[in-house]
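# Sequence first, predicted model second:
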Amino acid sequence: MTRVVVDLESPESWPSSLLDYLAVHHHVFLNWATRALRVDPAVYDGAIYGLMDAMQDFAVIGWHCTRLLDYEITAISREGMYLPSATMLARRVDAAVDAGLLSASIGERFKLKNQADETSRAGKIWFCFFPPRIAGEGGVGDLFRFWGGEALYNAHDREPETCAILKALGTPTIVEAEIPVAYLTATGGLPFKVARRYLISRGYDTSETCDYEDRVETPLPPNCIRRLIRFPDPHFLELTGCITWSGQLTLQCAAGS
């Protein structure tokens, strides 16, 4: 079945069933936001959870910022995305060693020193549901500069030898995916951002951000992957705005091609 994709930045394009739900609960969301009239918290919570239920059959576009080797890009295209863990990281490192991209000794150092099992990372794939350029270089730059993600570079960015190796592996890549709303949780923020963006489209003025990032805790099948966009593809440059960054992005080393 073809998914209905909701463009979070264009409320005028949202499915009629979603707009109908928001219209019915407009006063609840508006009064909660403005405090013009008191809203019973239980009523508001019910409206938020109902909004999440109303979106269960839809999907939203997310962008995962990373740095990948060529064979990893091919694998994601064919197999989708698996949940990260220390075990998965060890497999990635072993594959790079087998491919001749890492020495066995460096591979062991990466497997021994990493943050792959931290609760904020293990079993979670993080996406931003806004163009990555909004996060800027400070938000996503290092995700593109270092192979292995935060789990590795947070443990090695102060070690000159291993830091340089992580920068030399792979190509900056964006994984663009259709994330089924059913894979997300109501507490992750989606219904709050949808309600806020709807109110703005109806004239409500707020300085609060509508940008939304979240994680999925379910492996993504290949039919969720729309495309993988590599630096310096023009679409990569447009999505990231990286040509204005102070730190240079680099292509992968010849050995990783």
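Nice, thanks for sending it over.

# which residues of the stretch 51-200 of the chain fall in helices?
Along the stretch 51-200 of the chain, counting by DSSP state H, counting those that start in this stretch, helices occupy 70-79, 86-98, 104-112, 136-145, 149-156, 160-168, 190-201.

# Low-confidence bits of the stretch 1-150 of the chain, can you list those?
Residue ranges of the stretch 1-150 of the chain with pLDDT under 70: 1.

# Just send the helices of the stretch 51-200 of the chain back as JSON lines, with mean neighbour count and distance to Phe129 too.
The C-beta positions use only the backbone N, C-alpha and C, and glycine is treated the same way. Shown next, in JSON lines, are these (neighbours: other Cβ atoms under 10 Å; distance: least, Cβ to Cβ, whole Å):
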{"stretch": "helix 70-79", "mean neighbour count": "15", "distance to Phe129": "19"}
{"stretch": "helix 86-98", "mean neighbour count": "17", "distance to Phe129": "24"}
{"stretch": "helix 104-112", "mean neighbour count": "16", "distance to Phe129": "30"}
{"stretch": "helix 136-145", "mean neighbour count": "18", "distance to Phe129": "13"}
{"stretch": "helix 149-156", "mean neighbour count": "21", "distance to Phe129": "19"}
{"stretch": "helix 160-168", "mean neighbour count": "16", "distance to Phe129": "27"}
{"stretch": "helix 190-201", "mean neighbour count": "21", "distance to Phe129": "8"}
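
# Now distance to Leu220 too, for the ones you listed, in TSV please.
Written out in TSV, the entries for those read as follows (distance: least, Cβ to Cβ, whole Å):
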stretch	distance to Leu220
helix 70-79	9
helix 86-98	14
helix 104-112	24
helix 136-145	17
helix 149-156	16
helix 160-168	24
helix 190-201	16
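
# residue with max distance from the center of this protein?
Leu37 (35.9 Å; Cα atoms, centre = their mean).

# how far away is the residue lying closest to that residue once chain neighbours are set aside from Arg202?
In space, and not counting its chain neighbours, Leu37 is closest to Asn31: 4.3 Å by Cβ to Cβ, 6 or more residues apart in numbering. Taking Cβ to Cβ, to the nearest Å as the criterion, Asn31 is separated from Arg202 by 13 Å.

# Kindly report the same for Arg133.
With distances defined as Cβ to Cβ, the gap from Arg133 to Arg202 amounts to 27 Å.

# okay, those two: which has more neighbours?
The residue with more neighbours, out of Arg133 and Arg202 and counting by other Cβ atoms under 10 Å, is Arg133; that gives 17 against 13.

# ok, the more buried one - contacts?
Shown here is Arg133, whose contacts under the criterion Cβ atoms under 8 Å, 6 or more residues apart in numbering are 238-242.

# Take these and keep only those in strands.
Among the contacts of Arg133, the subset assigned to strands under DSSP state E is empty.

# Tell me the confidence at the closest residue to His64 other than its chain neighbours?
Leaving out its chain neighbours, the residue that sits closest to His64 by Cβ to Cβ, 6+ apart is Val175, at 4.1 Å. The model reports Val175 with a pLDDT of 98.
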